[in-house]
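Engineer: Below are the sequence and a predicted model; questions follow.
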Amino acid sequence: MGIIAWIILGLLAGAIAKILLPGRDPGGFIGTTLIGIAGAFIGGWISARWLHHPVSKSFFDGATWAAAIGGSLVLLIAYRILFGNSRD
């Protein structure tokens, strides 16, 4: 997959992570989408590096989506822990 596909996957993964983890985010919509893009890259890298499951070249591979959504969830949780009280 090319960089554009990873960005689109990251946007969708960020939206899915937001649905799975509802609540108020410190960064709003833009912050959540950027976290989704970063989560897709990090999830794919972790999957290929340590789980010995390289991401597929297909956009519709389930493992690729799971890695992207998992990475987005981890980053979203960390972001909420670090900056969760900044909008109170």
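Structural biologist: Structure's in. What do you need?

Engineer: make it CA atoms for all contacts and neighbour counts henceforth
Structural biologist: OK.

Engineer: Give me the buried positions along the helix or strand harbouring Phe41.
Structural biologist: Phe41 belongs to helix 28-49 when assigned by DSSP states H and E. Neighbour counts over helix 28-49 (16 or more other C-alpha atoms under 10 Å) mark 32-47 as buried.

Engineer: Ile7 contacts Ile37, doesn't it?
Structural biologist: Yes - counting by C-alpha atoms under 8 Å, Ile7 touches Ile37, with 5.6 Å between them.

Engineer: Just give the number of residues close to Ile81.
Structural biologist: 11 (other C-alpha atoms under 10 Å).

Engineer: as a whole number, average confidence for the helix holding Phe41?
Structural biologist: The pLDDT scores in helix 28-49 average 81.

Engineer: Which parts of this protein are helices?
Structural biologist: 3-20, 28-49, 62-83 (DSSP state H).

Engineer: Let me know whether Leu11 touches Gly31 as I believe.
Structural biologist: No - using C-alpha under 8 Å, Leu11 is not in contact with Gly31, being 10.9 Å away.

Engineer: tell me, what's touching those two both at once?
Structural biologist: The overlap between the contact sets of Leu11 and Gly31 (C-alpha atoms under 8 Å, 6 or more residues apart in numbering) is empty.

Engineer: helices and strands of the chain: which one has the lowest mean pLDDT?
Structural biologist: helix 28-49 (a mean of 81; mean pLDDT, DSSP states H and E).
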